[in-house]
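# Compute the structure for the input listed below.
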Amino acid sequence: MLGNAIRDDRPRRRALILVENLSVPFDRRVWQECTTLRDAGWTVHVICPQGTKRDTEPEVEIDGVRIHRYPLRAATGGPAGYLREYGSALWHTARLIRKVGPVHVVHACNPPDLLFLPVRWLTRRGAQFVFDQHDLVPELYLSRFDRGEDLLYRGVCALERMTYRAADVVLATNESYRDVAVRRGGKRPEDVFVVRSAPQVDRFRPVPAEPELKNGKPHLLCYLGVMGPQDGVDYALRALAKLRDELGRTDWHAVFVGAGDAFDAMVELSRELGLSDQVEFTGRIPDADLVRYLSTADVCLSPDPHNPLNDVSTMNKVLEYMAMGKPIVSFDLREARVSADDAAVYAPANDEAQFAKLITELLDDPEKRARMGTAGQERITGRLSWQNSQKQLLAAYDAACRGRTATQRAAPGRLGRRRHR
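Residues are numbered from 1 along each chain as shown. So this is what the prediction gives:
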């Protein structure tokens, strides 16, 4: 079994996972990590914010994972809003860490690169620190705020360096992030493990198509994901306007599934472009409805523009489209090609006209769409499967635990101080 390498240490080991930007189990990557560790014999606690419509209970145990949630008002506006959000999150996280008590491993997921601060209470008591780098925050800052390398940018770079320095082990979502951890973070290659995000195949199983979802049109286009300033929904909408106005294609209906702080602006942009009759925004919807739309879609859209963050990031929506066997139109990003390979076609970076042209080419070629969909499913069940990431996750925990001295292998509360490296 996957957990054999770390099951034989007694007493039962305790892990605490910290998340700030999503609730759990809504955060699918974190939930997969929780259940993997649980199945490998760990007692798993999570500290995260409460959701607004789901994950609302302050304290709950789900499938053997103990979740501690705190109220958090998401930031609005510029950097000042994030400072208020993060200050509140850090206070609640520190409070709940003391409630959970000492653990063998504390596993902090960014953003933000601030969780190393409350983690110190645990590392002083012998915990090993696993840093799960979901985003490159300096690149996120450049891509989201368009302020250049100003004082705040230098500040987030410093926080990233401090997080790397505090971490015993780093989990990277892809090889590009791993390279950053080694090159910019100064981590030893053997202390950085690639744990790719992967869709839950039991969640993304095709069902029979429902033609009525196409709103009377022959084809359905689908976007799934967050709608933030860096996510490219505006590029997709402008490409759809070109598909209609410059390529003369009106034989499609488009559905945008998801939410985010740019949602209202994207609905307004759709109206300004005259797309309201052909573009539908659903907001967040139940999994069953999401699967219905994706099962019916002819082409799925991944319009993330080329910027410092997107070029090196793995997009969850690309993996989810692949799990559903759907062909993808994407801009030409380094990690998009690594993930999708032949399951996508690639427009030159940020070229909306070419993006529209590729949509129409796929709409006219059902055989190519079928080949691309099959290629994507084969990658998700093979090289990119969560089973492969599970092995890496457990290897990372095993490496972290080997970093403790013999006296630190006792139960939490008697772990002693960390060994100097």
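
# Next, find the distance separating Leu301 from Gln200.
For Leu301, the distance to Gln200 (C-beta to C-beta, to the nearest Å) stands at 22 Å. Using the backbone N, CA and C atoms, a C-beta is placed for each residue, glycine as well.

# what about these two, which has more around it?
Ranked by neighbour count (other C-beta atoms under 10 Å), Leu301 and Gln200 place Leu301 first, with 27 against 15.

# pLDDT value on Leu96, please?
Leu96 is assigned a predicted lDDT (pLDDT) of 98.

# for Arg12, same thing?
Note on Arg12: pLDDT of 83.

# ok, for it, nearest residue in space, not its chain neighbours?
Using C-beta to C-beta, 6 or more residues apart in numbering and skipping residues adjacent in sequence, the residue nearest Arg12 is Thr43, 5.6 Å away.

# ok, now which ones touch the one you found?
Residues near Thr43 by C-beta atoms under 8 Å, 6 or more residues apart in numbering: Arg12, Arg13, Arg14, Ala15, Arg66.

# Which ones among those lie within helices?
Using DSSP state H, no member of the contacts of Thr43 falls within helices.

# that older thread, phi and psi next, for the residue nearest to Arg12.
Note on Thr43: backbone dihedrals following degrees, to the nearest 10 are phi -90, psi 120.

# Kindly report the same for Val345.
The phi/psi pair for Val345 (degrees, to the nearest 10) reads phi -110, psi 150.

# ok, how many other residues are close to it?
Val345 sits with 21 neighbouring residues when counted by other C-beta under 10 Å.

# That one against Glu361, yeah?
Yes: at 7.4 Å, Val345 and Glu361 qualify as touching, with contact defined as C-beta atoms under 8 Å.

# pLDDT averaged over stretch 170-185 - what is it?
Taken as a whole, stretch 170-185 has a mean pLDDT of 98.

# Please identify the buried residues of that stretch?
Val170, Leu171, Ala172, Thr173, Asn174, Ser176, Tyr177, Arg178, Val180, Ala181, Val182, Gly185 (16 or more other C-beta atoms under 10 Å).

# What about those residues, which are in strands?
Val170, Leu171, Ala172 (DSSP state E).

# wait, what's in contact with the second one?
Taking C-beta under 8 Å, 6+ apart as the contact definition, Leu171 lies against Val130, Phe131, Asp132, Gln133, Val192, Phe193, Val194, Val195, Gln392, Leu393, Ala396.

# if we go to 10 Å?
For Leu171, the contacting residues are 29, 33, 107, 109, 130-134, 177-178, 181, 192-196, 389, 392-393, 396-397, by C-beta atoms under 10 Å, 6 or more residues apart in numbering.

# Same question for the first one.
Listed by C-beta under 10 Å, 6+ apart, the contact partners of Val170 are 129-133, 163-164, 177-178, 180-182, 185, 187-188, 191-195, 396.

# mind redoing it with 8 Å?
Val130, Phe131, Gln133, Tyr164, Arg178, Ala181, Gly185, Lys187, Asp191, Val192, Phe193.

# Equivalent analysis for Leu72, please.
With contact set as C-beta under 8 Å, 6+ apart, Leu72 has these partners: Glu20, Pro49, Gln50, Glu85, Ser88, Ala89, His92.

# biggest separation within the residues you listed, which pair?
Spatial extent of those (C-beta to C-beta) is set by the pair Gln50 and Glu85 at 13.4 Å.

# More neighbours: the two, which one.
Using other C-beta under 10 Å as the criterion, Gln50 and Glu85 rank with Glu85 on top: 19 against 16.

# Touching, that one and Ala75? I think so.
Yes: under the criterion of C-beta under 8 Å, Glu85 makes contact with Ala75 at 4.2 Å.

# circling back to that earlier point, which among the contacts of Thr43 gets closest to Phe145?
Nearest to Phe145 among the contacts of Thr43, with distances taken as C-beta to C-beta, is Ala15, at 33.9 Å.

# count of neighbours near the closest one?
Counted with other C-beta under 10 Å, the neighbours of Ala15 add up to 25.

# List of residues touching stretch 266-285?
With C-beta under 8 Å, 6+ apart, stretch 266-285 has contacts from 53, 215, 217, 227, 233-234, 237-238, 240-241, 244, 250, 252-259, 263, 289, 293.

# now do the same end-to-end measure for it.
Terminal residues of stretch 266-285 lie 17 Å apart, using C-alpha to C-alpha, to the nearest Å.

# which of the residues in that stretch are buried?
Buried residues in stretch 266-285 (16+ other C-beta under 10 Å): Met266, Val267, Leu269, Ser270, Leu273, Leu275, Gln278, Val279, Glu280, Phe281, Ile285.

# My reading is that the second one is in a strand; is that accurate?
No: counting by DSSP: H, G, I helix; E, B strand; the rest coil, Val267 falls outside a strand, being helix.
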